[in-house]
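*Asks:* Quick one, fold the following:
(chains A and B)
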2 protein chains.
Amino acid sequence: MGCESEKNNSILSKLATNEEHGENSPYFDGWKAYDSDPFHPLKNPNGVIQMGLAENQLCFDLIEDWIKRNPKASICTTEGIKSFKAIANFQDYHGLPEFRRAIAKFMEKTRGGRVSFDPDRVVMAGGATGANETIIFCLADPGDAFLVPSPYYPAFNRDLRWRTGVQLIPIHCESSNNFKITAQAVKEAYENAQKSNIKVKGLILTNPSNPLGTTLDRDTLKSLLHFTNQHNIHLVCDEIYAATVFDTPQFVSIAEILDHNEMNCCNKDLVHIVYSLSKDMGLPGFRIGIVYSFNDAVVNCARKMSSFGLVSTQTQHFLAAMLSDEKFVANFLAESARRLAKRHKHFTHGLEEVGIKCLKSNAGLFCWMDLRPLLRESTFDSEMSLWRVIINDVKLNVSPGSSFDCQEPGFFRVCFANMDDETVDIALMRIWRFVGVKRSGDHETTMMEKKHQWKKNNLRLSFSKRMYDESVLSPLSSPIPHSPLVR
Amino acid sequence: MGCESEKNNSILSKLATNEEHGENSPYFDGWKAYDSDPFHPLKNPNGVIQMGLAENQLCFDLIEDWIKRNPKASICTTEGIKSFKAIANFQDYHGLPEFRRAIAKFMEKTRGGRVSFDPDRVVMAGGATGANETIIFCLADPGDAFLVPSPYYPAFNRDLRWRTGVQLIPIHCESSNNFKITAQAVKEAYENAQKSNIKVKGLILTNPSNPLGTTLDRDTLKSLLHFTNQHNIHLVCDEIYAATVFDTPQFVSIAEILDHNEMNCCNKDLVHIVYSLSKDMGLPGFRIGIVYSFNDAVVNCARKMSSFGLVSTQTQHFLAAMLSDEKFVANFLAESARRLAKRHKHFTHGLEEVGIKCLKSNAGLFCWMDLRPLLRESTFDSEMSLWRVIINDVKLNVSPGSSFDCQEPGFFRVCFANMDDETVDIALMRIWRFVGVKRSGDHETTMMEKKHQWKKNNLRLSFSKRMYDESVLSPLSSPIPHSPLVR
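*Replies:* The predicted structure is shown next:
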């Protein structure tokens, strides 16, 4: 292997032979653990439940209903096939005009109709992954840096940094003020970079935040826009979770701040939005990434880069039709927010039952779970030990804070919208049992106490009697024994 | 503008502000000329006919027939919708296993079943554009170089060079030996690079060739493989036109040379294939690009890069079904070759009628047309003057050899498979009239002579009488007057 690797080092690129891709992270290791033993209610009820994947699976019924009612939207139906040739042939990197118009309109709707978007600024990329890389390629040269509030999305190391050669400089946010981005932290990160002779080209915001599930308030946005303007650096706003906001406060897009001219002397050329349909519509397989820039030169350059990640025209055509149906979109967005709110409430209440707190959030497909009380000591080693127990014994793939570059050990991101109601409850039950065991060292007694408490509180949990009883009796290493009742 | 540009130069990347994209080429200018005045038989019969786009539009009826018979292949039909959720959610960069299996099998079929491909080496990218960039990112660092026989595909400057920062060094091929790649030319290009201290990382072959429409024979392939092995550099074979071979000699894939162990001491780790369905299936809008490498490390790295250009799972799912239908594929490939041969014969014979010769070819969606006799003098200025007349007056978008880095002025690439029979004949008629005028200076007489000659030769041309007569009478500046008979 050593010889093999050495041989490749000389004939392959640095990209192919160094470790900068960032795949060696517990974030991705957790996915592998899930892949090697995936939970299935019938086929593998003791498998790992995937809570490390921010998918939105709550509204597929609405999309499927629409499809059944609109066969013409597909080029592969009797009703739609007459468009097949023209669509299958289309490869212009501007994208289908009707697709760009529909995306612009959808972006408007997901921001409450308070701001409009210009279809001519909508640029396609291969998912948010491609869109993030594209905007960096447009703005920065290798060696340049971007500030990014931490904790942040682990795959930013791949998306923003890997092939572009830029650096990411964290703006450290702290639990003491609920991980808010402070002016002081931004200033410090910027000045430290300058001291090290690193050229800072911009600041990247994820709003709503992944992994926090929180939205930035208007004043923070204005302050950050002021800061970036003042230093003539870019503000890139990753708003791919815009429509996952399920509670107050309302989501405020950077486009609103610009549009309503809330800033006196703002250079729009420095502001760019990254968008996607992977989270808001729950369609990650369709690879819809969007770069929306207020800078004409960036629009032009990003469009040329579209060639490397164009969206399949089969998919462009389908989505153009679906997203142009304003009635459908309005209902989808309202219903999606309602279902996310319900799921979030159910899940966080379930955690609270055993004393687990999450950061208060109003958006996203995940919670930022605080397991600091369960750490043996306040170290990242301890966080990793706890994570291994959770993934190997509790059999839940959650993502440790360290993989998000969180500076305080003990936080975990837990996704809750990529499964059905029954699976959420099985996950909760595993957590309850784990926390009970963890705390008392006496599994059965604790669970019996909990059982008593549940009945007392009259919790409306969807477990079958048999499943519940079995879970109480099962050993820790196989949390949920096979049961035909688990569906 | 100067001020604007200067401002952007300081805040944007070099990629966004230099001209390395390569868009400033007559190859792309021709597309713009077409876009601004596109031919339509009824709506714009005097518009520019697009002969600069290598599309394969001859077999859509076969695909559409298959779709009608297989509604389950789409996730947007009543029959297929039960797969919608699983497919729309799927975003693994390995791709759907059934898609990779179908692609591997299709690659086998397009190489006459003489070699098999391993689905685990099939890596997705955003079209051949993305696949070409991906393989370069895996193999070379900025500043490294690849040898590429010229004339070559103009967009290689974007695909291979733009964001990767590598250089392309042409291996000059000459008309004197029908643009064959000689060992001497390869050696010279390599040695010149070495003298300039440029690190050559590989050689890129396009086989079948774009723009020549020729295939490489077995001995040339073996000789080039020997050369790259000897110098421990990569051999990247762009085989995206594999199934467009419509005549003997048979297409030989580099995979066959490797598979049949025709070389004694060949390092497979240095060999990589780029593939696509844009040309062979005529589906450029679907953005199917494939990197197929015999090097495990390259497969792994390219797969990680897939994240930036994944194929929409809607499209993966559909193609997996269609390409798994072996009977359909066998018929499609045979019929497609038959129709390409017929179209090629019709078009080249039409050119021969007025003395225009093309390089003898057996593949591709284009001819390499020799207009050297029409040049005022043998210079690229003269080539550009002729090209401007062809695009502005004759109203055909053909691509001049200079945009393919051809070293001899007077060659033009002309695409013939992206239009219907009627449009081909209108294009031929415009060429006949132009060549007649060009040569005799007497439009009507020449055309009358030609008319006489056509009748004499009893050519089965599909012009209506009225259309033909009108063409004879119309002035040069509006080649085909509006006629309801032109359909």
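
*Asks:* Break down chain A into its strands, ranges please.
*Replies:* With strands called from DSSP state E, chain A shows them at A:49-50, A:122-126, A:145-150, A:167-172, A:200-206, A:234-238, A:271-276, A:288-293, A:357-358, A:366-370, A:396-397, A:399-400, A:411-415.

*Asks:* The longest one - contacts with which helices or strands?
*Replies:* What it means is strand A:200-206. strand A:145-150, strand A:167-172, helix A:183-195, helix A:218-230, strand A:234-238 (3 or more CB pairs under 8 Å, 6 or more residues apart in numbering or on different chains; DSSP states H and E). Every C-beta, even on glycine, is put in place using the N, C-alpha and C of the backbone.

*Asks:* Is there proximity between the first one and chain B?
*Replies:* Put plainly, it is strand A:145-150. No - legend: contact between strand A:145-150 and chain B by CB under 8 Å from any CB of the partner chain is lacking; minimum distance shown is 12.1 Å.

*Asks:* who's in contact with the next helix or strand after that strand?
*Replies:* Remark: after strand A:145-150, the chain's next helix or strand is helix A:156, criterion DSSP states H and E. Identification of contacts with helix A:156 by CB atoms under 8 Å, 6 or more residues apart in numbering or on different chains yields A:132, A:148, A:168, A:204.

*Asks:* for helix A:156, what is the average pLDDT?
*Replies:* Per-residue pLDDT values over helix A:156 give a mean of 96.

*Asks:* Give me the below-cutoff pLDDT ranges for chain A.
*Replies:* Along chain A, segments meeting pLDDT under 70 span A:1-9, A:261-265, A:437-487.

*Asks:* buried set for the lengthiest helix in it?
*Replies:* Determined from DSSP state H, the single longest helix within chain A is helix A:326-353. Of all the residues in helix A:326-353, those buried under the rule 16 or more other CB atoms under 10 Å in any protein chain shown are A:328-329, A:332-333, A:336-337, A:339-340, A:343-344, A:346-348, A:350-351, A:353.

*Asks:* next one: stretch A:136-156
*Replies:* A:136-141, A:144-156.

*Asks:* for stretch A:157-175, same thing?
*Replies:* Residues of stretch A:157-175 classed as buried by neighbour count (16+ other CB under 10 Å): A:157-173, A:175.

*Asks:* Can you lay out the strands of chain A as CSV showing distance to residue B:291?
*Replies:* Shown next, in CSV, are these (distance: least, CB to CB, whole Å):
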stretch, distance to residue B:291
strand A:49-50, 28
strand A:122-126, 15
strand A:145-150, 29
strand A:167-172, 27
strand A:200-206, 29
strand A:234-238, 28
strand A:271-276, 24
strand A:288-293, 20
strand A:357-358, 42
strand A:366-370, 33
strand A:396-397, 29
strand A:399-400, 30
strand A:411-415, 31
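
*Asks:* what about residue A:252, neighbour count?
*Replies:* Residues near residue A:252, counting by other CB atoms under 10 Å in any protein chain shown, number 22.

*Asks:* quick one: the nearest residue to it once chain neighbours are set aside and residue A:280, what's the gap?
*Replies:* With sequence-adjacent residues excluded and distances taken as CB to CB, 6 or more residues apart in numbering or on different chains, residue A:252 is closest to residue A:218, at 5.1 Å. Distance check for residue A:218 against residue A:280: by CB to CB, to the nearest Å, it reads 21 Å.

*Asks:* which of those two has more neighbours?
*Replies:* Remark: of residue A:218 and residue A:280, residue A:280 carries more neighbours, 24 against 13, as counted by other CB under 10 Å.

*Asks:* for that one, what are its contacts?
*Replies:* A:56, A:110, A:240-244, A:336.

*Asks:* Residue A:46 contacts residue A:395, correct?
*Replies:* Yes - applying CB atoms under 8 Å, one finds residue A:46 in contact with residue A:395, separated by 6.8 Å.

*Asks:* Just want to know which of these two has more residues nearby.
*Replies:* residue A:395 (23 against 15).

*Asks:* ok, the more buried one touching residue A:50?
*Replies:* No - between residue A:395 and residue A:50 there is no contact under CB under 8 Å: 10.5 Å.

*Asks:* which residues do the two both contact?
*Replies:* Counting by CB under 8 Å, 6+ apart, the common neighbours of residue A:395 and residue A:50 are residue A:39.

*Asks:* how deep is residue A:401 tucked in, by neighbour count?
*Replies:* The burial count for residue A:401: 27, using other CB under 10 Å.

*Asks:* Chain B next: which of the buried residues of helix A:326-353 are close?
*Replies:* Of those, not one also sits near chain B (CB under 8 Å from any CB).

*Asks:* Which residues of the stretch 101-250 of chain A lie near chain B?
*Replies:* A:126-127, A:129-130, A:133, A:137-141, A:144, A:158-159, A:163, A:201, A:232-234.

*Asks:* Out of those, name the ones that lie in helices.
*Replies:* Reading helices off these with DSSP H, I get A:127, A:129-130, A:133, A:137-139.

*Asks:* Can you pick out the most distant pair from the residues you listed?
*Replies:* The distance between the two most remote of those (CB to CB) is 18.9 Å, for A:127 and A:139.

*Asks:* what residues are up against residue A:331?
*Replies:* residue A:62.

*Asks:* interface residues of the stretch 301-450 of chain A facing chain B?
*Replies:* A:301, A:304-305, A:307-315, A:318.

*Asks:* Can you tell me which of those comes closest to residue A:285?
*Replies:* residue A:315 (9.1 Å).

*Asks:* mind checking how far the residue nearest to residue A:389 when sequence neighbours are not counted is from residue A:428?
*Replies:* Nearest residue to residue A:389, sequence neighbours excluded (CB to CB, 6+ apart): residue A:434, at 7.8 Å. Between residue A:434 and residue A:428 the computed distance is 11 Å (CB to CB).

*Asks:* repeat for residue A:389
*Replies:* Counting by CB to CB - residue A:389 and residue A:428 are separated by 17 Å.

*Asks:* So for the two, which sits in the more crowded spot?
*Replies:* residue A:428 (21 against 14).

*Asks:* Report the contact partners of the nearest residue to the more buried one once chain neighbours are set aside.
*Replies:* Spatial nearest neighbour of residue A:428, chain neighbours left out: residue A:350 (4.0 Å); criterion: CB to CB, 6+ apart. By CB under 8 Å, 6+ apart, the contact list for residue A:350 reads A:424-425, A:428, A:431-432.
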